[in-house]
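**Student:** pasting the structure only:
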Ligand SMILES: O=P(O)(O)OC[C@H]1O[C@](O)(COP(=O)(O)O)[C@@H](O)[C@@H]1O
Ligand SMILES: [Mg+2]
Ligand SMILES: [Mg+2]
């Protein structure tokens with residue numbers, strides 16, 4: 001793999017040679033990448049910039065916003081509203097959708113993002129990230145002049161036309177799919193460019209590493225407990241091998257590790273908030289990550305169903321997430337299905 005392929009060249013090839021993306025989508029992705037570069041500059045300033053600590057506000061999910069949550073959201077909105085080719089945007093940090101004002105060029109794409117993932121890690125200098133997903137506004141509505149609405153966003157993840165994340169860690173890495181496998185670009189700060197550093201990324205099918213917040217163990221459902229108990233039993237247990245555990249508390253960083261060396265990541269439903277299907281958000285966390293993982297040969301389910309096939313009903317919908325190395329995800333999913341079938345017979 002050549003070190004001299006920039007993101008621009010990669011996207012031009014996806015457009016012109018492979019015909020995978022439209023020129024508008026190419027430009028949109030360049031704008032998102034530019035916004036990530038700006039966020040990365042803010043992240044790097046740390047205590048030297050006014051970016052640490054709380055913003056003294058709450059988002060629609062009732063979570064306290066950090067200053068960087070708000071800054072990253074503004075950077076993405078500002079860059080993309082004039083970047084064109086968008087009809088509207090939606091974000092973890094905004095109650096409802098942001099329709100691109102008429103004074104800016106209009107387009108047919110819908111952009112969703114978690115501007116800053118892993119907010120609890122900002123102040124402690126641990127890897128954080130940005131996650132994004134792009135959909136196309138469906139044109140089958142009878143009234144073509146009807147303004148874009150939240151309804152337009154409620155498409156399953158299998159309709160995504162691009163998805164990616166940027167991890168702000170020891171290196172700043174942009175990971176992208178347009179449905180042609182997964183490519184990784186590392187930010188070359190001296191050149192100011194994103195350079196292709198891995199293409200056609202593959203997640204190993206098997207793993208000996210799991211990622212879950214173990215402090216929630218007492219709240220889990222039986223199939224998740226069963227899986228983790230078996231991992232913890234190690235060589236002497238039914239799995240016949242020892243497992244390692246990692247939990248960064250930034251989904252972006254945990255998924256990036258899995259993209260790099262395999263593993264399984266879980267944020268399952270738990271009894272703390274029984275009415276919510278999980279902690280993570282479907283539209284701008286689970287769907288983009290689910291597609292990236294699938295494009296790298298892994299799998300992503302909510303324990304019962306492929307994440308990308310979940311029909312959304314709400315913009316900020318939550319979902320239970322199990323993703324990563326294919327064989328492990330299939331095993332956890334199987335444990336859920338077995339438990340459901342035993343319950344239905346009881
Ligand atoms: O603190 P917990 O419960 O372990 O949750 C960690 C999870 O929450 C998240 O931080 C949620 O993302 P936000 O920071 O965007 O709210 C995930 O990135 C991470 O996997
Ligand atoms: Mg997040
Ligand atoms: Mg966030």
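**Tutor:** Yes, it's here. Just so it is clear, the structure is predicted and the values come from calculations on it, not from any experiment. Ligands and ions are numbered 1, 2, ... in the order given.
**Student:** CA atoms for contacts and neighbours, from now on please.
**Tutor:** Noted.
**Student:** low-confidence ranges, the stretch 1-150 of the chain, go.
**Tutor:** For the stretch 1-150 of the chain, the stretches flagged by pLDDT under 70 are 1-3, 84, 140-145.
**Student:** which positions in it make contact with ligand 3?
**Tutor:** Contact residues, the stretch 1-150 of the chain versus ligand 3 (CA under 5 Å from the ion): 114, 116, 117.
**Student:** and the first one, how many neighbours?
**Tutor:** By the other CA atoms under 10 Å criterion, the neighbourhood of residue 114 contains 24 residues.
**Student:** give me the helices and strands touching the one helix or strand it maps to, please.
**Tutor:** Per DSSP states H and E: residue 114 is located in strand 106-117. Helices and strands touching strand 106-117, as assessed by 3 or more CA pairs under 8 Å, 6 or more residues apart in numbering; DSSP states H and E, comprise helix 67-83, strand 86-91, strand 128-136.
**Student:** so which of the residues of the stretch 1-150 of the chain next to ligand 3 are also by ligand 1?
**Tutor:** Taking CA under 6 Å from any ligand atom as the test, ligand 1 is in contact with 114, 116, 117 out of these.
**Student:** would you agree the second one is in contact with residue 127?
**Tutor:** No - counting by CA atoms under 8 Å, residue 116 sits too far from residue 127 to count as a contact (10.7 Å).
**Student:** note down every partner strand of the strand holding residue 114 and its orientation.
**Tutor:** As defined by DSSP bridges, the strand partners of strand 106-117 come to strand 86-91 (parallel), strand 128-136 (antiparallel).
**Student:** can I get the ones you listed in a markdown table with mean neighbour count and distance to residue 171?
**Tutor:** Shown next, in a markdown table, are the strands paired with strand 106-117 (neighbours: other CA atoms under 10 Å; distance: least, CA to CA, whole Å):
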| stretch | mean neighbour count | distance to residue 171 |
| --- | --- | --- |
| strand 86-91 | 25 | 25 |
| strand 128-136 | 26 | 11 |
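**Student:** make a markdown table out of those strands and add distance to residue 337.
**Tutor:** Converted to a markdown table, the strands paired with strand 106-117 look like this (distance: least, CA to CA, whole Å):
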| stretch | distance to residue 337 |
| --- | --- |
| strand 86-91 | 33 |
| strand 128-136 | 29 |
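**Student:** quick one: closest of those strands to residue 53.
**Tutor:** strand 128-136 (14.5 Å; CA to CA).
**Student:** what sits up against the helix or strand just after the closest one?
**Tutor:** Next in sequence after strand 128-136, counting helices and strands by DSSP H and E, comes helix 150-153. Outside helix 150-153, the residues that touch it by CA atoms under 8 Å, 6 or more residues apart in numbering are 96, 97, 110, 135, 137, 138, 315.
**Student:** counting neighbours, which bits of helix 150-153 end up buried?
**Tutor:** 150, 152, 153 (16 or more other CA atoms under 10 Å).
**Student:** and if you look at stretch 309-320?
**Tutor:** Buried-residue list, stretch 309-320, by 16+ other CA under 10 Å: 310, 312, 315, 316, 317, 318, 319, 320.
**Student:** all strands of the stretch 101-250 of the chain, in order?
**Tutor:** Assigned by DSSP state E, counting those that start in this stretch, the strands in the stretch 101-250 of the chain fall at 106-117, 128-136, 162-168, 172-177, 182-188, 193-198, 209-211, 244-245.
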